[in-house]
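Chemist: Quick one, what's the 3D model for this:
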Amino acid sequence: MRVLFLTLYPDIAASPRLRVGQFIPYLRENGVECTVRCPLTEEEFRRLTGPGRSSRPFWYHLRETPRRVAQIFSAGRYDVVFVQKAVMTAYLWGLDGLLRKKARRLVYDIDDAVHLAPPHPLHGPWSRLEDRAQIMSLMKSADLVLAGNAWLAEAAREVCGRVELFPTVVDTDKYVPAPAPPDCYRVGWIGNPSTTVCLQPAAHALVALQNAHVCLVGADTDRLPWLRRVAAYEIRRWSLKREIEELQRFSVGLMPQPQAEWMRGKCALKALQYMSCGIPCIASPFGAALDIIRDGENGLFADSTDAWVDAVNRLRDPDLRRRLGDAGRETVLSRYSLNQAAPRLLQFLALAGDARKSGAKVHVVRAISGWDFRLRGRLRGFLRTHRPDILHSFLFGFDYFANQAGRDAGVPVVISSRRQIATWKKARHVFMQRMANRLVDAIVANSRAVAEFAARQESGDPALYRVIPNGIDPGEFIATPDLRVLRLRYKIPFHRKVVGIVANFSPVKDHRLFVATAQELLRRRADLHFLMVGDGPLAPAVEKLIRAGGAADCFTRVSTASELPDLYALMDVSVLCSQVEGFPNAVLESMAVGKPVVAPAVGGICELIRDGETGRLIPSRNPCDFADAIGGLLDHPDMAARMGQRAAAEIKSRYGLGEMVDAYRSLYTDLLARKRAEV
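Modeler: Residues are numbered from 1 along each chain as shown. Prediction:
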C-alpha cells in the first residue's frame with residue numbers, strides 16, 4: 001500500500017512529528033510505502049515563523065502555495081492520501097475539491113481547532129481567496145477522519161459518517177523517568193513562543209511561589225511581563241535533541257490553559273510528555289486534560305490562583321510526587337503510547353483501502369449533499385460503463401438516486417437496505433424512501449423488527465422486505481489476556497466485578513439509564529466496577545452525571561473500540577440500555593464471547609436473546625429492574641456462565657459471517673434467476 005502524507009509543517013513542529021513522523025518507521029516495517037511531503041523545508045520554516053516576522057505571511061504563502069499544489073497533483077499515484085491538520089495554512093478556494101478529485105482514498109487527521117480559523121489567514125483583499133469552511137468540507141468528503149480528542153471528534157461527526165478518536169501519543173520508550181531525582185524542587189513548563197500565552201492562568205501563582213525554581217522551556221519572555229516578579233526562574237531555549245533531557249529536570253510539570261474555544265482543540269501533549277517521564281502534572285480542568293487526568297490519582301487540577309499555589313505546594317511531598325508520577329506514566333503506557341497507537345494507525349490505513357486489498361474494484365462517486373440531484377447522472381454513466389447484474393445500495397439519502405440510476409442504466413436487479421429502526425425520519429425522508437421503494441426488487445433488513453417497522457413507516461409491501469441478520473466472526477472478539485494486567489491498565493480494583501456497556505454516547509443508547517442502574521447497584525453492594533466503552537457527543541454530560549453521583553472511582557470509560565477483545569474479557573456482565581435497536585452488534589459480540597447480556601426488550605434484541613436462556617430481557621426502563629437482573633447474574637456465576645455458553649453457541653450456529661454471506665448469495669442468485677426468467 002502506498003500512502004502520501006501531506007503535512008502542514010516540517011517535523012520540527014510537534015503536530016507533524018507526533019501525528020505522522022513517529023509512526024513512519026513502524027508503517028514501513030509493516031510493508032507500507034510512505035511518502036511524506038511538506039511545503040516548506042525545516043530551514044525555511046525556522047526563518048519564516050516566530051515572533052517579530054512582520055513580512056512572514058507573504059513569503060510563507062509564496063513558497064507554500066505552488067509546492068502544495070504540485071503535491072496535490074501527484075496524489076493520484078498513491079492508494080491513500082493522509083492530510084495532517086490542513087491542506088495549507090491559508091484555506092485557498094478549491095484546493096480541497098482538487099485534492100478530493102485527485103486522491104483515491106482520503107484520510108484527514110485533525111489535532112487542533114483549525115476548523116475555527118486558518119493557521120495563517122490571508123488579510124486585506126487577499127482574504128477573498130480564502131474559504132473559511134474548507135476544513136468542514138474536507139472532513140465531509142474524507143473517507144475517514146482521525147480526531148485527536150473527543151471535542152474534535154464531535155465536530156467531525158457533524159459532517160462525516162466515519163470518524164475515529166485517535167489521541168496524540170508519545171514514544172514511551174524515549175520519554176522515560178529520569179535516572180535520578182532533580183537537584184532541587186523545580187516547577188517546569190515546556191512549549192513554544194506561540195503557546196506562551198497559555199501560562200497566564202498560572203501567572204499569579206508563579207509570582208507568589210516561594211522556595212521553588214521555575215523553569216520555562218521554549219517560552220517567549222516578551223509575552224511574560226510578570227516574569228521578573230517570580231522569585232527564582234530560568235528561561236531555556238527549546239531543542240528537539242534536548243527536549244527529554246529538559247523534561248527530566250522537572251519535579252512538577254504545568255499545563256495551564258485559558259478556557260477559550262480554540263483551546264478545546266488541543267490534545268494535551270504537555271501532560272502526556274510530563275506523565276510519560278513520571279512527572280506529576282498540574283493542569284487546568286479543561287479540554288483534553290479532562291480525558292487524561294484523574295484529579296488526585298494520576299495528576300492534579302487547578303482552576304484558580306489559590307488552587308495552583310496549593311497544588312504546587314502539595315507536590316513538595318516526594319511520596320505524593322512519586323505516586324502521581326507512577327500513576328501518570330501507567331496511564332500513558334496503557335492509553336497514549338506509540339507502541340499501542342501504531343498498529344491502530346496501520347489498521348485505519350488498511351481499512352481505508354480494504355476493499356482494494358481484497359481484490360475488489362472500488363470507484364468513488366462523490367455526493368455534495370444528501371440532495372445532490374447530479375448524483376443520478378454520474379451513477380447512470382458509471383453503471384452503463386460497468387454493466388453490473390446487481391445494484392445493492394446502503395444508507396438513506398443515497399439509495400433513491402442509486403435506484404433511479406440503476407433503472408436508467410438497465411441493471412437487472414436493484415436492492416435497497418434498512419439497518420435501523422429509523423424513528424428519526426421526518427415526513428420528507430419517508431416520502432423520499434417511498435419513491436425509492438418503487439424502483440427496487442427487494443429491501444434487505446437486518447432484523448424482523450427493522451423490516452416490520454420499515455414496512456409500516458413506508459407503507460411498503462411486506463413481501464418486498466427480506467431479513468438477513470448481521471453476522472460476525474467470533475474469533476475477532478475472543479481474547480485470553482492476563483486479566484491482572486488489564487485491571488492494572490484500566491485502574492479496576494481486583495476485588496470488583498465488572499459490569500460493562502459498549503455503545504456510542506448518543507441519546508438513543510440511554511447511558512443515563514446505565515448510570516442510574518449502576519447507582520442502584522452500588523446502593524446494594526460495594527464490589528462492582530462499571531466499564532463504559534465508546535465515544536460520542538453525550539460523553540461529557542454522562543461523565544458529569546457520574547461525578548455528581550459521588551462514585552466516579554467506580555467507573556472507567558474507554559473511548560476507543562480497538563481494544564474490544566480485552567474489554568469484553570474483563571466484563572462479568574454486558575449491558576445495553578438502548579431506547580430502540582435494530583440489531584445491535586454489541587449484543588452479538590458480547591454473546592459471541594460468552595458473556596451474559598442484560599438488555600431492554602426492544603426491537604431486534606428480542607430476536608437475539610431468549611430471556612433466561614441466552615441472556616436477560618428487561619421489559620421496563622426501571623433501573624431497579626435492570627439492577628435486579630444484573631445482580632442475579634453476579635450472585636449466581638454458574639448460571640451466568642451457562643447462559644454465556646448457550647449464547648456463544650447460538651451466535652456460532654446462526655450469526656456467523658459464513659451464514660450471512662450464504663444468505664446474501666442465495667438472495668442475489670434467486671432474484672437474478674427470476675429476472676432472467678421474466679425476459
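Chemist: out of all of them, which helix in the chain is the longest?
Modeler: In the chain, taking DSSP state H as the definition, the longest helix is helix 657-678.
Chemist: Looking at it now, give me its mean pLDDT.
Modeler: Helix 657-678 shows a mean pLDDT of 87.
Chemist: other SSEs contacting it?
Modeler: strand 390-392, strand 413-418, strand 442-445 (3 or more Cβ pairs under 8 Å, 6 or more residues apart in numbering; DSSP states H and E). All C-beta spots, glycine's among them, are computed from the backbone N, C-alpha and C.
Chemist: 7 Å instead, please
Modeler: strand 413-418 (3 or more Cβ pairs under 7 Å, 6 or more residues apart in numbering; DSSP states H and E).
Chemist: Specify the angle between the strand it packs on and helix 657-678 in degrees.
Modeler: Counting by axes from the mean of the first three to the mean of the last three Cα atoms, to 10 degrees, strand 413-418 points 140 degrees away from the direction of helix 657-678.
Chemist: so residue 516 makes contact with residue 623?
Modeler: Yes. Using Cβ atoms under 7 Å, residue 516 makes contact with residue 623 at a distance of 4.0 Å.
Chemist: ok, back up a step: so how far is the longest helix of the chain off the chain centroid?
Modeler: 36 Å (Cα atoms, centre = their mean, to the nearest Å).
Chemist: Please enumerate residues in contact with it?
Modeler: With contact meaning Cβ atoms under 7 Å, 6 or more residues apart in numbering, helix 657-678 is reached by 389-390, 412-413, 441-442, 466, 468-473.
Chemist: ok, and for it, which residues are buried?
Modeler: Residues of helix 657-678 classed as buried by neighbour count (16 or more other Cβ atoms under 10 Å): 660, 663, 667, 668, 671, 675.
Chemist: could you dump these to TSV with distance to residue 564?
Modeler: As requested, the buried residues of helix 657-678 are exported to TSV (distance: Cβ to Cβ, whole Å):
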residue	distance to residue 564
660	19
663	25
667	29
668	31
671	35
675	41
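Chemist: between those, which is nearest residue 203?
Modeler: Here the nearest of the buried residues of helix 657-678 to residue 203, counting by Cβ to Cβ, is residue 660; it sits at 60.6 Å.
Chemist: Distance of that closest one relative to residue 649?
Modeler: Shown here: residue 660 relative to residue 649, a distance of 17 Å by Cβ to Cβ, to the nearest Å.
Chemist: Run a quick neighbour tally on the closest residue to residue 3 other than its chain neighbours.
Modeler: Among residues not flanking residue 3 along the chain, residue 80 sits closest, at 4.7 Å (Cβ to Cβ, 6 or more residues apart in numbering). Neighbourhood size, residue 80 [other Cβ atoms under 10 Å]: 25.
Chemist: pretty sure residue 651 is in a helix, no?
Modeler: Yes. According to DSSP: H, G, I helix; E, B strand; the rest coil, residue 651 belongs to a helix.
Chemist: tell me the contacts of it?
Modeler: Residue 651 neighbours (Cβ under 7 Å, 6+ apart): 474, 588, 591, 592.
Chemist: and if you look at residue 65?
Modeler: Contacts of residue 65 (Cβ under 7 Å, 6+ apart): residue 88.
Chemist: May I ask which helix or strand encompasses it?
Modeler: If you go by DSSP states H and E, residue 65 is part of helix 56-73.
Chemist: Can you list the buried residues in that helix?
Modeler: Buried residues in helix 56-73 (16+ other Cβ under 10 Å): 57, 60, 61, 64, 65, 68, 69, 71, 72.
Chemist: so what's the residue sitting nearest the centre point of the chain bridging to?
Modeler: In the chain, the centroid-proximal residue (Cα atoms, centre = their mean) is residue 165; its distance is 1.5 Å. With DSSP bridges as the criterion, residue 165 is bridged to residue 147.
Chemist: Ok, the one 5 residues further on next?
Modeler: Using DSSP bridges, the bridge partners assigned to residue 170 are residue 337.
Chemist: Sounds good, over and out.
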